[in-house]
Structures are given as structure tokens and as C-alpha cells.
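Colleague: give me a model of this one.
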Amino acid sequence: MTESEKSGLTFRSMLAIVFAATILMPVTIWMQLVGGQAAGLGFTTILLFIFVTKYFGRSPLTPQEIILINIGIGIAAYVPFFATFINRAYFAGSPEAYMFGITKFIPSWWVPENPLIRSQAVRTLLHTDWIMPIAISLLTSVILYLPIQLLLGYIAYQTYVVEENLVFPLAKAEAETAITLGERDPRKTRFMLIGFIITFSYSLIVYGPYILGPIIGVPMSAIPVPFADFTSRTEHLLPGALIGIATDPFTFFNGFIIPGKSVLCMIIGSITIWIVGNMVGITYFKSEFLPEWTSGFSLALTYQRSFLHTWASVMIGFSFAIAITQLIDARRSVVKSLFSLKRIGGSKGSSFWYLILMYAVCSSIWVVLSHWLLPDFPILPLAFLIVVWPFVTALINARALGEVGYPVAALPMREMVYVATLTANNIPVYSNLGVGVWFLPLPSTVGVYPSAETWVGHFYTARYVGLSIKDVVKAVVMIAIPLSLIMSFIYTNVIWSFSPIPSQVYPWAAINWPVGVIQSALWITRSVTVLKSAIINPGTPPLLEGSFIIMTLAYAIAKVTHLPFSPVAFVVGGSVLPPYAITALIGYIVYRAVCSRFGKENVDKYKWPFYAGVFIGYGSATAMLITLTIGLKAMWMLPY
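Modeller: Below you'll find the model as predicted:
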């Protein structure tokens with residue numbers, strides 16, 4: 001870890017971020033419409049700039065510049081903010097929304113009522129009807145969301161990085177990648193090259209047929225993606241248990257960098273819930289646990305239904321227990337973190353009160369805005385979702401990233417609060433209030449830009465390589481986000497003008513957008529009731545309260561007896577499917593075997609550049625495959 005700070009905000013780093021926003025933003029939009037996600041653009045761009053600086057005889061990129069470029073590209077190239085408005089137009093005009101009877105109740109402040117826009121006869125954001133939806137989105141997603149998350153992220157950074165010195169394995173791997181590329185130590189570079197070759201070759205074999213196959217007619221890969229599902233094959237012995245092996249390279253090699261205690265607690269949590277818990281539930285309590293389960297259910301379907309019926313309530317109870325126990329356990333660190341804010345503004349600490357006031361003002365404005373949009377909806381549930389819940393999730397997810405590298409899976413807290421509130425207040429399903437509340441912008445739904453836990457990761461990598469945190473904030477807020485907004489607005493209008501979306505040209509959107517509408521409509525029409533809480537939803541089993549008590553007791557027992565038990569890792573494991581937990585455990589076992597053969601000190605020294613090669617190899621392979629796909633698609637669409 002570098003002690004002295006150096007600036008990474010140079011002309012070269014800014015140029016790389018501008019390049020990403022200008023050249024790669026349309027690629028990201030296309031990749032998300034075709035394949036659901038964009039990947040492989042970050043470090044491939046960095047490798048390009050490393051080559052350019054070397055070719056022209058300039059000084060090589062420093063680790064500080066590389067980290068800043070990678071952070072900037074993650075926003076300037078990966079966040080097409082305005083592309084989400086295409087999805088809104090499709091949602092409002094979709095046959096699925098009409099089938100559920102909610103079309104006429106979708107509010108005009110979320111998507112214009114103009115039938116030409118909703119039918120995509122008019123495909124442009126340069127229309128006066130879009131002013132209100134865009135203005136509300138910019139206000140909530142940028143102006144209000146960023147200060148709130150930045151402050152929560154800095155508090156979590158001071159708590160878990162500065163005070164408690166947690167590992168943050170994936171952020172450390174990113175930092176080590178920057179150091180290896182910037183310093184070019186021959187031995188580290190050699191191990192990085194080995195990791196690159198292994199993962200690059202593996203990615204071509206596994207992902208090549210999936211990305212190029214539909215275009216060139218190659219059969220699908222013999223290796224399933226993202227995991228091999230053995231659930232139906234083992235159901236006669238383990239009914240309902242989620243059994244499988246992840247096939248992506250990262251999960252296996254994560255076992256090399258995640259601490260052993262965290263790996264073991266994570267596998268225990270995953271097995272307890274998704275294997276033992278599902279098996280017991282299906283065997284003895286099927287009618288209450290998962291009534292629709294039948295022989296032949298896949299891993300994905302069993303996971304989705306059992307999560308909604310049972311485990312969502314359990315995970316929320318666990319999460320509240322983790323939040324409270326973490327506040328108790330890390331109370332001194334949290335207090336020190338709050339007081340550390342005073343150092344930002346000098347001895348008088350003026351910035352401390354400014355930041356606290358900023359958080360209060362932004363949260364208050366958000367609550368007032370929500371009340372203004374829907375004045376008849378109770379304000380207390382909205383205040384909880386806007387003010388309290390973001391703090392809870394920031395505390396939990398930052399701790400989870402610090403221990404195991406994974407956040408806790410997204411919990412349907414908004415949905416549960418809405419269903420309980422709407423039902424308790426006898427608000428009709430098919431009404432402006434009953435439907436409109438589901439489209440309110442909340443911190444949990446508008447977070448396209450860095451969340452609190454993302455800021456913690458950025459600050460960790462900056463501290464690790466000796467980059468000023470102020471440079472990170474400046475690069476993100478003043479350069480990357482404005483470029484992301486400008487370029488995504490331009491390219492969204494250009495791409496949308498070609499044809500309605502989704503269409504056969506964009507297969508992922510054509511398949512998944514209708515499914516997304518159906519899933520949302522099920523919540524909106526209250527066809528799904530999942531909150532199991534004797535206090536909040538009387539008449540249902542007290543799963544939320546019971547899981548809260550169990551996790552609190554487990555924390556207390558581990559604290560008193562000094563057992564090597566991590567409640568956070570256990571809960572993360574409960575939100576990670578067994579294929580990923582099992583594969584990470586296999587990776588950890590292999591790591592231990594390698595340590596016994598070559599010595600733990602040597603392995604720990606070079607595992608980080610090796611993992612960096614894994615990261616770059618995957619990114620380079622997928623970027624190359626997607627580039628080929630774009631070229632082949634372009635030729636296919638020609639009229640000759």
C-alpha cells in the first residue's frame with residue numbers, strides 16, 4: 001500500500017475518460033440491449049492508452065492515473081442514464097401492462113401520456129412531454145442521490161477502511177492490477193500474463209459460442225453459462241436444494257483472495273438456506289413454503305419462488321440484525337468516522353456541519369418531492385425508504401464488501417413496505433395512488449451512479465495506490481458523470497431513432513423487457529404477497545422477527561465465546577446461490593493446496609497480479625467477441 005499521495009487527475013486520465021464516453025457509450029447501449037450488460041471495456045481501454053503512451057515515448061501511465069481512468073470509465077462508458085427512458089416508453093405501451101390493466105394509471109411524471117411516445121411512433125427525448133420525467137430523474141438520480149451516497153460512502157470508508165482496516169478483496173485486486181500495469185515489475189507481470197492467458201483462452205471457449213453463436217451458426221458451448229444446474233438431477237435425494245457449479249472464472253479465483261474465515265462462513269450461510277432450508281421446507285412444509293414446487297423445477301425457478309415466499313422476509317430480518325450489531329460492534333469506529341468529517345474543513349470543522357446539513361436537506365427535499373407527487377400516500381413509509389433504509393444498506397453492504405467482496409443481494413424492502421401500506425390503508429389496486437406509488441423515484445431504484453458501497457471501493461483503491469480521494473470525487477462528479485449524461489443523451493436519441501425497442505435486432509431486450517413488465521405488474525397488482533411478519537403483516541408467520549432474533553443471538557454467542565463466526569459473511573452467503581459459494585470454496589481449497597506446495601508467503605505475494613491477469617483476460621476476450629459481433633451484425637443488416 002502506498003503511503004504518499006499523488007495526483008492522478010492529469011490530461012491523460014481525463015482524455016481517457018472523454019474517449020470512453022465518446023467512443024464506448026454507444027457500444028455499452030448496444031451491448032445492454034443485445035446481451036443485457038456491458039463488460040470488458042475498462043482495462044482494455046487502459047491497455048490501449050498504455051500502448052499509446054509507450055509508442056509515442058511518453059512517460060508510462062502511473063498507478064494513480066490507471067485507477068482514476070478505471071473509475072471514470074466505469075461511469076462515463078458504463079452508465080447510459082438516458083437509455084432507461086426507452087424502457088419507460090416500452091413499459092407504458094407494452095401489451096403486458098395493458099393485460100394487467102395498469103396502463104392508464106401510470107403517472108405522466110414518470111413517462112409522458114402522449115400515445116405517440118408510448119407506442120414509440122415518436123422516438124426521441126427531444127420532445128416537450130419528456131421535460132417533467134427527465135427533470136425529476138435528474139433531480140433525484142443526480143442532484144439528490146449523489147450527495148447522500150457520497151456522505152454515506154465516506155462514513156463507511158472511515159469506519160471499515162481507515163478504522164477497522166478490512167480487506168476489501170475485490171477492490172484490492174483492482175488496486176493491485178493498477179500497480180502491476182503501472183510499475184511493470186517483471187515477476188508480477190509474468191504472473192499477470194499467466195492469469196491473462198488462462199482466462200482469455202477459457203473465456204473464448206465458454207463465451208464465444210454464446211456471443212457469436214446466434215450470428216455465425218455455431219452450436220452453444222458445451223459449458224453452461226453462468227452455472228451448471230444439477231438441481232433437477234439431485235431432487236430425488238435433496239428436493240428443492242439448489243445444487244450447481246459456477247462456470248465463470250472469477251468465482252473460482254475469488255477463493256484465492258477472499259479470507260478463509262469469510263469463505264467458510266459464506267458457504268455455511270448458502271448451504272443452510274438454499275440446500276438445507278429448501279430441502280426441509282419442501283419436505284415438511286411445502287404448502288406454506290413453496291406450494292407451486294413440482295419435480296423438474298430448475299435452480300433459477302426454485303430460487304425465485306422460494307425467495308419470494310420465504311427467504312426474502314428472513315433476509316430482511318438478518319439484515320436488520322446485522323445493521324444493529326454492526327452499529328454496536330463498530331460504535332467507536334462510527335463515532336470516529338463522524339468526527340473525521342471535521343478534518344475535511346479544518347480545525348473549525350465547518351464542513352462537518354455542512355455535510356450533515358447537506359444530507360438532511362437532500363433527504364428532506366426527496367421526501368417533500370415524493371409527497372408532492374403523491375400527496376395522499378402516507379409520508380412515514382416514504383421517509384423510512386428515503387432516509388433510514390439507505391443508511392442501513394450502506395452499512396451492511398460496505399461491511400460485506402470489506403469482508404467477502406460481495407454485497408448482500410437486493411432485498412424487496414420497497415415492495416414489502418408498499419404492499420403493507422397500501423393494504424393497511426385500503427388503497428385500491430387500480431387507482432392513480434395504488435399504481436402511481438410504484439413509480440416513485442427512491443434511492444433503491446434510481447441508483448445508476450455510485451452508491452455508498454461503490455464509493456467505499458473507490459476510496460479504498462485510491463488509498464491503496466496513493467491517489468488523492470479528492471481527485472476521485474472530482475473525476476467522478478465533475479468529469480465522468482457530466483460526460484455520461486451528455487453522451488448517453490446523444491446516443492440514446494440516435495439509436496432509438498433507428499427502430500422501436502425492443503425488436504429482433506436487440507434479442508436480450510426483446511426477451512427480458514416483457515418479463516420485467518410482468519414481474520413489476522405482479523407487485524403493482526399485489527398478486528405477490530411475500531412479507532412474513534407477525535407485527536407488520538398480522539396473520540403470517542413471524543419469519544422476519546424470528547430471523548432477526550436468531551442472527552442477534554448468533555452474534556452474541558460468537559462474541560462471548562470468541563468463535564470465528566462472521567454474521568456478515570453468513571448473511572452474504574445466504575444471498576449468494578450455492579453454485580457460486582461452492583465454486584468459491586473449491587477455489588479456496590485449491591489455494592490452500594498451492595500454498596502448501598509453494599509456500600503461503602510466495603503465493604500471497606503473486607496471487608494479486610495473477611488475479612489482475614484473470615480480470616484483464618476476461619475483459620479482453622469479451623470485448624473482442626462483442627466487437628466481432630457488432631461488425632457481423634452491421635454486415636448482416638446491410639441490404640446486400
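Colleague: centroid residue for this protein?
Modeller: Pro407 (7.9 Å; Cα atoms, centre = their mean).
Colleague: pretty sure Phe82 contacts Thr492?
Modeller: Yes: taking contacts as Cβ atoms under 8 Å, Phe82 lies within contact range of Thr492: 4.3 Å. All C-beta spots, glycine's among them, are computed from the backbone N, C-alpha and C.
Colleague: residues touching the residue nearest to the centre of the chain, list them.
Modeller: 396-397, 400-401, 453, 572 (Cβ atoms under 8 Å, 6 or more residues apart in numbering).
Colleague: which neighbours do Phe82 and Thr492 have in common?
Modeller: Joint contacts of Phe82 and Thr492 (Cβ under 8 Å, 6+ apart) are Leu125.
Colleague: low-scoring stretches of the stretch 151-300 of the chain, by residue?
Modeller: Applying pLDDT under 70 to the stretch 151-300 of the chain flags residues 211, 213-221.
Colleague: again, only this time at 80
Modeller: Applying pLDDT under 80 to the stretch 151-300 of the chain picks out residues 183-184, 207-222, 225-226.
Colleague: please apply the same query to the stretch 501-640 of the chain.
Modeller: 503-508, 510-512, 515, 519, 522, 527-539, 615, 619-620, 622-640.
Colleague: and the helices in it?
Modeller: 507-524, 543-561, 567-575, 578-598, 600-636 (DSSP state H, counting those that start in this stretch).
Colleague: close enough to count as contact, Pro169 and Pro259?
Modeller: Yes: using Cβ under 8 Å, Pro169 makes contact with Pro259 at a distance of 7.4 Å.
Colleague: name the residues contacting each of the two.
Modeller: Val404.
Colleague: name the helix or strand for the residue nearest to the centre of the chain, please.
Modeller: Per DSSP states H and E: Pro407 is located in neither a helix nor a strand.
Colleague: number of residues surrounding the spatially closest residue to Gly93 that is not a sequence neighbour?
Modeller: Distance criterion Cβ to Cβ, 6 or more residues apart in numbering; nearest residue to Gly93, sequence neighbours excluded, is Arg118 at 3.7 Å. Per other Cβ atoms under 10 Å, the neighbour tally for Arg118 reads 21.
Colleague: and for Pro542?
Modeller: 18.
Colleague: for the closest residue to it other than its chain neighbours, list the residues it contacts.
Modeller: Among residues not flanking Pro542 along the chain, Ala534 sits closest, at 3.9 Å (Cβ to Cβ, 6+ apart). By Cβ under 8 Å, 6+ apart, the contact set of Ala534 is 540-542, 545.
Colleague: correct me, but Val392 touches Phe320?
Modeller: Yes: using Cβ under 8 Å, Val392 is in contact with Phe320, at 7.2 Å.
Colleague: what about the contacts of Pro407, which are in helices?
Modeller: In helices, judged by DSSP state H, the following of the contacts of Pro407 are found: 396-397, 400-401, 453, 572.
Colleague: just flag the most distant two among the residues you listed.
Modeller: Distances among those were taken as Cβ to Cβ; the most separated pair is Glu453 and Val572, at 12.2 Å.
Colleague: can you check which residues contact both of these two?
Modeller: 400, 407.
Colleague: between these two, which has more neighbouring residues?
Modeller: More crowded of Glu453 and Val572, by other Cβ under 10 Å: Val572, with 29 against 26.
Colleague: so who does that one touch?
Modeller: Taking Cβ under 8 Å, 6+ apart as the test, what Val572 contacts is 266, 269, 400, 403-404, 406-408.
Colleague: neighbour-wise, which one of the residues you listed leads?
Modeller: In terms of neighbour count, Met266 stands highest of these at 31 neighbours, by other Cβ under 10 Å.
Colleague: contacting residues for the closest residue to it other than its chain neighbours?
Modeller: Nearest residue to Met266, sequence neighbours excluded (Cβ to Cβ, 6+ apart): Gly573, at 3.5 Å. With contact taken as Cβ under 8 Å, 6+ apart, Gly573 is in contact with 265-273, 581.
Colleague: with Ile143 as the reference, measure out to Ser468.
Modeller: 25 Å (Cβ to Cβ, to the nearest Å).
Colleague: looking at those two, which is more packed in?
Modeller: Just comparing Ser468 and Ile143: by other Cβ under 10 Å the higher neighbour count belongs to Ser468, 17 against 12.
Colleague: once you drop chain neighbours, what's closest to the more buried one?
Modeller: Nearest one to Ser468, counting by Cβ to Cβ, 6+ apart, is Glu5 at 4.9 Å.
Colleague: Ile194 is in contact with Pro609, isn't it?
Modeller: No: counting by Cβ under 8 Å, Ile194 stays clear of Pro609, with 9.1 Å between them.
Colleague: more neighbours, these two?
Modeller: Pro609 (26 against 16).
Colleague: what's the mean pLDDT across the one helix or strand Ser364 maps to?
Modeller: Element membership for Ser364, per DSSP H and E: helix 350-373. The average pLDDT within helix 350-373 is 85.
Colleague: tell me what that helix is packed against?
Modeller: helix 145-157, helix 379-383 (3 or more Cβ pairs under 8 Å, 6 or more residues apart in numbering; DSSP states H and E).
Colleague: if we can go back for a sec, quick one: pLDDT of the residue nearest to the centre of the chain?
Modeller: The model's pLDDT for Pro407 equals 81.
Colleague: now it: closest residue in space, sequence neighbours ignored.
Modeller: Asn397 (4.0 Å).
Colleague: hang on, the one you found packs against Tyr406?
Modeller: No: between Asn397 and Tyr406 there is no contact, the gap being 9.1 Å when judged by Cβ under 8 Å.
Colleague: for Gly72, give me its contacts.
Modeller: 13, 16-17, 20, 475-476, 479-480.
Colleague: now with 7 Å?
Modeller: By Cβ atoms under 7 Å, 6 or more residues apart in numbering, the contact set of Gly72 is 17, 20, 475, 479-480.
Colleague: also Gly93?
Modeller: Gly93 touches 118-120, counting by Cβ under 7 Å, 6+ apart.
Colleague: related to what we said a few turns ago, buried ones among the contacts of Gly72?
Modeller: Buried by 16 or more other Cβ atoms under 10 Å: 17, 20, 475, 479-480, out of the contacts of Gly72.
Colleague: helix or strand for Glu65, which one?
Modeller: Under the criterion of DSSP H and E, Glu65 resides in helix 63-76.
Colleague: centre of the chain to that helix, how far?
Modeller: 18 Å (Cα atoms, centre = their mean, to the nearest Å).
Colleague: which one of the ones in helices among the contacts of Pro407 is nearest Trp353?
Modeller: Among the ones in helices among the contacts of Pro407, and counting by Cβ to Cβ, the member closest to Trp353 is Glu453, at 25.1 Å.
Colleague: contacts only, for the residue nearest to Gly93.
Modeller: Here Arg118 is in contact with 89, 92-93, 111 (Cβ under 7 Å, 6+ apart).
Colleague: mind checking how far the helix holding Ser364 is from the chain centre?
Modeller: 25 Å.
Colleague: stretch 384-404 too?
Modeller: With Cα atoms, centre = their mean, you get 13 Å for stretch 384-404.
Colleague: buried stuff in it?
Modeller: Neighbour-count burial for stretch 384-404 [16+ other Cβ under 10 Å]: 385-387, 389-404.
Colleague: follow-up on the earlier one: turn the ones in helices among the contacts of Pro407 into a markdown table, including distance to Arg305.
Modeller: Output for the ones in helices among the contacts of Pro407, formatted as a markdown table (distance: Cβ to Cβ, whole Å):
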| residue | distance to Arg305 |
| --- | --- |
| Ile396 | 25 |
| Asn397 | 25 |
| Ala400 | 25 |
| Leu401 | 28 |
| Glu453 | 28 |
| Val572 | 22 |
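Colleague: so which of those comes closest to Asn602?
Modeller: Leu401 (27.3 Å).
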